[in-house]
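Undergrad: quick check, what structure comes out for this input:
(one chain, ligands or ions: 1)
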Amino acid sequence: MKIIQVTDAHLVPERREMHGVNSYERLSACIEDIRINHQDAELCVISGDLAHKGQIGAYEDLARILSRLPIPYRLMVGNHDIRENLRSVFPETLTDQHGFIQSSIDLAAGRLIFVDTVEEGEKFGSFCARRAEWLAAQLADSSDNPVYLFLHHPPFDVGIPNVDRIRLRNGDDLLAETVEPYKNIRHIFFGHVHRPTAGSWNGIPISSFRGTAHQVALRLEETPHLVRSHEPPAYGVIFLNPHSTIVHFHDFLDKSAFVAEADLAKHRPLEPFQNDVN
Ligand SMILES: [Fe+2]
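TA: Okay, here's the model as predicted:
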């Protein structure tokens, strides 16, 4: 079963450039690439920082872009989002009983749980008793089926000091305690770091992707400011299988795919290879 993860779109009203990037055009290109190549995906998860400052105009642009996406999607909030503004444009957005934008969906591969880690007005993330109670109920109700968790903020350091300062800070221990009894959690997918990472946390596999707008540079030393970069934007193509989870990091603006001349000489392809369509 295939799903898609898109993250950190950082849309700006009036489609202005920010950090030398037009995030509207970038997200549009991303969604077009998904439309061409992944109409068979079950779901597209957009894991937060949808708008750069939570502006309603940015969410309206997001709605315009997503109208072209032919598969179901689930929106999550990041530290740059404002829940009330998001819900004013996307009133169907699911919340829990306390108004946190968190929900779950049962697919053939298992249960996908989308956790709200936002402390509104802060860059760092939070996890509180009310969210822990909700997540524990979602996990208890999963009946030992595979569970895949989605967060905006990672609850661990990734080794970049200026990113680690704004990770899930309040309640990372509570999150660890909440998930610890459940051995059916197959993977944690997150956003926020604007970089590709893979590894594990307390034995649970983890991964993240570059955003669709600007990125964060791999600067492992202390720096006075967060160092950003113009590494290529990406999204994730994820296979959730009974015995494996496969995560592809796809640079959707890269059009360099090719077939070697020697291979073309040996075998006639069934159809002409087109470098402009991935
Ligand atoms: Fe972000």
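Undergrad: ok, residue 65 - contacts?
TA: Going by CB atoms under 8 Å, 6 or more residues apart in numbering, residue 65 touches 24, 27, 28, 31. Backbone N, C-alpha and C define where each C-beta goes, glycine included.
Undergrad: could I get these as TSV with secondary structure, neighbour count and distance to the ion?
TA: Compiled in TSV, the contacts of residue 65 are given as follows (DSSP: H, G, I helix; E, B strand; the rest coil; neighbours: other CB atoms under 10 Å; distance: CB to the ion, whole Å):
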residue	secondary structure	neighbour count	distance to the ion
24	helix	24	16
27	helix	26	13
28	helix	17	18
31	helix	26	18
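Undergrad: residue 187: how many residues sit nearby?
TA: Residues near residue 187, counting by other CB atoms under 10 Å, number 20.
Undergrad: contact partners for it?
TA: 148, 149, 204, 205, 206, 207, 245.
Undergrad: can you tell me the element it falls in?
TA: Using DSSP states H and E, residue 187 falls within strand 185-190.
Undergrad: what distance do you get for the closest residue in space to residue 110 that isn't next to it in sequence to residue 212?
TA: Once flanking residues are discounted, residue 110 sits nearest to residue 146: 3.2 Å by CB to CB, 6 or more residues apart in numbering. Per CB to CB, to the nearest Å, residue 146 is found 27 Å from residue 212.
Undergrad: more neighbours, the two?
TA: Per other CB under 10 Å, whichever of residue 146 and residue 212 has more neighbours is residue 212, with 30 against 18.
Undergrad: residue ranges of the helices in the stretch 151-278 of the chain, please?
TA: 161-164, 172-179, 261-266 (DSSP state H, counting those that start in this stretch).
Undergrad: ok, which of these comes nearest residue 193?
TA: Smallest distance to residue 193 across those (CB to CB): 5.4 Å, for helix 161-164.
Undergrad: next, see if that closest one gets close to the ion.
TA: No: using CB under 5 Å from the ion, helix 161-164 stays clear of the ion, coming no nearer than 10.0 Å.
Undergrad: next one: that helix to chain centre, how far?
TA: The chain centre lies 19 Å from the centre of helix 161-164; the measure is CA atoms, centre = their mean, to the nearest Å.
Undergrad: all strands for the stretch 101-250 of the chain, in order.
TA: 103-107, 110-114, 125-126, 147-151, 168-170, 185-190, 197-201, 204-208, 215-216, 228-229, 235-240, 245-250 (DSSP state E, counting those that start in this stretch).
Undergrad: Serialize these to CSV and add fields for mean pLDDT and distance to the ion.
TA: Output for those, formatted as CSV (pLDDT from 0 to 100; distance: least, CB to the ion, whole Å):
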stretch, mean pLDDT, distance to the ion
strand 103-107, 98, 21
strand 110-114, 98, 16
strand 125-126, 98, 11
strand 147-151, 98, 13
strand 168-170, 95, 14
strand 185-190, 98, 11
strand 197-201, 98, 14
strand 204-208, 98, 11
strand 215-216, 98, 8
strand 228-229, 98, 10
strand 235-240, 98, 14
strand 245-250, 98, 17
